[in-house]
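1. Here is a sequence together with a model predicted from it:
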Amino acid sequence: MSKCLICGASYEPFISFGKMPIANGFLSPDQFKDEYFFELKVGYCPKCGMAQLVDQPEREKMFNENYAFFSGTSRLMAVHFAEFAEHVMKDYISSKDPFVAEIGSNDGIMLQNFAAKGIRHLGIEPSANVAQVAIEKGINTVTKFFDEELARSIMKEHGQADAFLGANVMCHIPYLHSVAEGIRILLKPTGIVMFEDPYLGDVIEKTSYDQIYDEHVFLFSVSSINYLFNQHGMEVVDVEPQETHGGSMRYVIAHKGGRPISKNVLKQLEKEKKIGLDKQKTYEIFKEACEDSRRKLLAILADLKKQNKRVVGYAATSKSTTIINYCGITPDLLEYICDTTPIKQGKFSPGVHIPVSPYEKFKNNYPDYALLFAYNHAKEIMAKEQNFVRSGGKWIVYVPEVKVLQ
Ligand code: JHZ
Ligand code: SAH
Ligand code: ZN
């Protein structure tokens, strides 16, 4: 039995993906011998509804001055965050000299939109290398981990916030009670919290088990997020499903009684019941679906190897670390993985050690097949890779189903 990080109840883990390395821990050969591994086990707490990792590496092992994920690598995500910021400015900020804080602001992809309008802002970003990119763009950033203590010191320096924002970061933090308490302290009485993360409902429905890796301690639902914030004097007042990262949920939260609650909240809570997010059985079925997905993907790769086809990975995503290590995709099945991020290039993928090459290698000599590890960016990638398909290249995808696109 394990103990829930949110409510303290005991729960039984329902799946183990086995030994896993740091998902963004790209390495050079001299680092192979000291590579860190932990067991990636997941459980669902029946009391508060939170799906969570049983164990997680300490935060500094993942988020540090060598962090490999730069938000700005996707053009469409920049558009997404410009729209997010626009929505906040138009619908939620009305005071004279508003102050906007963002947790996990990375290279400033969201806050740059507020900075451009001259709005007072602060990014909280502990990974120094990505924070530096934001700072160079003129975005105020503090290179620290957000928690209750930091919230108090931010409040002393800047006053309370009109909006507290986050994307793909809240689900990364095991000490969420400290974070929620910090938000309660920092947020103005009329302030708004808005954050989005991969949605448990989508992960279950699409068997996108690659959303499970060290950085993703939690898979949120409306139900579990409401449980958490209720304990800190706040409540979910609206929810907005998003297509990003293969299916995300944006939560709008306010101090209790501070804002009217949208019908969307109850609707989504009902939907969560309908798809069985509160039933252990759902997670048993999900486990079988993961195993089935693994079998199918390996069968395709083994078959292509037999036919002497050249297969490469497209985009060295964090998510791919779970796929590659859980499925056992070894370098003899995948020639290399191409990626546009300089810090990943010339290194090897975590765990299995497949070479990561600059994108140009792909473009200059198309393989027969490309395994799309960034299916969440399919629209953007397919649009720019029409020549690959024209030259006879084929895509392999595995979410929501394992298949070769014809
Ligand atoms: P992408 C990371 O997940 C980690 P990842 C984190 N835990 C999280 O939740 C989300 O981000 C927000 C490359 N690429 O966005 C760039 C190309 O090569 O799917 C990136 O390395 N060519 C914080 O890593 C990777 O793909 C392209 O055309 O799973 C994208 O990673 C494009 C568009 C991307 O997130
Ligand atoms: N919001 C961006 C970046 C997501 S990456 C986007 O959606 O693209 C997650 C970021 O959260 C990383 O840059 C990481 O350094 C940061 N992070 C992790 N723990 C944090 C904490 N406790 N407080 C603030 N940021 C944190
Ligand atoms: Zn719980």
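-> Thanks, I have it. On a predicted model such as this, the values are computed, not experimentally measured, just so you know. Numbering: from 1, shown residues only. Ligands and ions are numbered 1, 2, ... in the order given.
2. max-length helix in this structure?
-> Taking DSSP state H as the criterion, the chain has its longest helix at helix 280-306.
3. which of the residues in that one are buried?
-> Using 16 or more other CB atoms under 10 Å as the test for burial, helix 280-306 gives 282-283, 286, 289-290, 293-294, 297, 300-301, 304. From N, CA and C alone the C-beta is placed, and that goes for glycine too.
4. would you list those residues in TSV and tack on distance to ligand 1?
-> TSV is the format used below for these (distance: CB to the nearest ligand atom, whole Å):
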residue	distance to ligand 1
T282	23
Y283	21
F286	20
A289	20
C290	17
S293	17
R294	18
L297	17
I300	21
L301	20
L304	21
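5. Looking at those residues, which one is closest to ligand 3?
-> Nearest to ligand 3, judged by CB to the ion, of the buried residues of helix 280-306 is Y283 at 14.1 Å.
6. Quick one: neighbours of the nearest residue to that closest one once chain neighbours are set aside, just the number.
-> Spatial nearest neighbour of Y283, chain neighbours left out: F14 (4.3 Å); criterion: CB to CB, 6 or more residues apart in numbering. Using other CB atoms under 10 Å, F14 has 16 neighbouring residues.
7. before we move on, what about S28?
-> By the criterion of other CB under 10 Å, S28 has 9 neighbours.
8. how far away is it from D34?
-> Taking CB to CB, to the nearest Å as the criterion, S28 is separated from D34 by 11 Å.
9. gap between Y336 and ligand 1?
-> Distance of Y336 to ligand 1, given as CB to the nearest ligand atom, to the nearest Å: 12 Å.
10. which ones are touching V193?
-> When contacts are counted by CB atoms under 8 Å, 6 or more residues apart in numbering, V193 touches 163-165, 183, 187, 234, 251-254.
11. Give the next helix or strand downstream of the longest helix of the chain.
-> Moving toward the C-terminus from helix 280-306, the next helix or strand (DSSP states H and E) is strand 311-314.
12. and the residue lying farthest from the centre of the chain, what is it in contact with?
-> Most distant residue from the mean C-alpha position of the chain: Q307, 35.5 Å away (CA atoms, centre = their mean). Under the criterion of CB under 8 Å, 6+ apart, the contact list for Q307 is empty.
13. Now do the phi/psi pair for it.
-> Main-chain dihedrals, Q307, degrees, to the nearest 10: phi -80, psi 10.
14. and the closest residue in space to K309 that isn't next to it in sequence, how many residues sit next to it?
-> Spatially, and ignoring its direct neighbours in sequence, K309 is nearest to D368 (4.2 Å; CB to CB, 6+ apart). Neighbourhood size, D368 [other CB under 10 Å]: 15.
15. again with the one 3 residues further on
-> Residues within reach of L371, counting by other CB under 10 Å, total 27.
16. And the one 3 residues further on, by the same measure?
-> A374 is surrounded by 19 other residues when neighbours are defined as other CB under 10 Å.
17. My guess is it contacts T317. True?
-> Yes - between A374 and T317 a contact is recorded at 5.2 Å, counting by CB atoms under 8 Å.
18. Does M155 touch L187 like I think?
-> No - counting by CB under 8 Å, M155 stays clear of L187, with 9.5 Å between them.
19. give the contact list for F373.
-> By CB under 8 Å, 6+ apart, the contact set of F373 is 313-317, 319-320, 323, 337.
20. Which pLDDT value goes with it?
-> If you check F373, the pLDDT there is 98.
21. quick one: the strands in the stretch 251-400 of the chain?
-> Remark: strands assigned in the stretch 251-400 of the chain by DSSP state E, counting those that start in this stretch are 311-314, 337-339, 356-358, 369-372, 394-397.
22. can you tell me which of these comes nearest to K267?
-> strand 394-397 (30.2 Å; CB to CB).
23. Which elements pack onto whatever helix or strand comes next after that closest one?
-> Using DSSP H and E, the helix or strand that follows strand 394-397 in sequence is strand 403-404. Strand 403-404 sits against strand 394-397, with contacts defined as 3 or more CB pairs under 8 Å, 6 or more residues apart in numbering; DSSP states H and E.
24. what does the strand it packs on contact?
-> So strand 394-397 is in contact with 297, 300-301, 311, 314, 368-372, 375, 378, 382, 389, 402-406, going by CB under 8 Å, 6+ apart.
25. rerun at 7 Å
-> The contact list for strand 394-397, computed with CB atoms under 7 Å, 6 or more residues apart in numbering, reads 300, 368-372, 375, 403-405.
26. mind checking how far that strand is from the chain centre?
-> 23 Å (CA atoms, centre = their mean, to the nearest Å).
27. May I have it exported as PDB, CA atoms only?
-> C-alpha atoms of strand 394-397 as PDB (Å, rounded to 0.1, in the frame of the first residue of the first chain):
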ATOM      1  CA  LYS A 394       5.600   6.700 -43.600                       C
ATOM      2  CA  TRP A 395       4.700   7.800 -40.100                       C
ATOM      3  CA  ILE A 396       4.200   5.400 -37.200                       C
ATOM      4  CA  VAL A 397       2.000   6.700 -34.400                       C
END
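28. Contact partners for N66?
-> By CB under 7 Å, 6+ apart, N66 lies in contact with N129.
29. Okay, and the beta partners of P241?
-> Note on P241: beta-bridge partners by DSSP bridges are M249.
30. That one against M249, yeah?
-> Yes - with contact defined as CB atoms under 7 Å, P241 reaches M249; the gap is 5.8 Å.
31. More neighbours: those two, which one.
-> Regarding P241 and M249, a neighbour count based on other CB under 10 Å identifies M249 as having more, with 21 against 15.
32. on that earlier part again, now, which of the contacts of strand 394-397 sits nearest ligand 3?
-> When the contacts of strand 394-397 are compared against ligand 3 (criterion: CB to the ion), the nearest one is Y375, at 30.5 Å.
33. The closest one: what's it in contact with?
-> 246, 397, 399.
34. re earlier: any idea how far ligand 3 is from the residue farthest from the centre of the chain?
-> Using CB to the ion, to the nearest Å, one gets 48 Å for the distance from Q307 to ligand 3.
35. What strand or helix carries M194?
-> Going by DSSP H and E, M194 is in strand 187-198.
36. average pLDDT for that strand?
-> Mean predicted confidence for strand 187-198 is 98.
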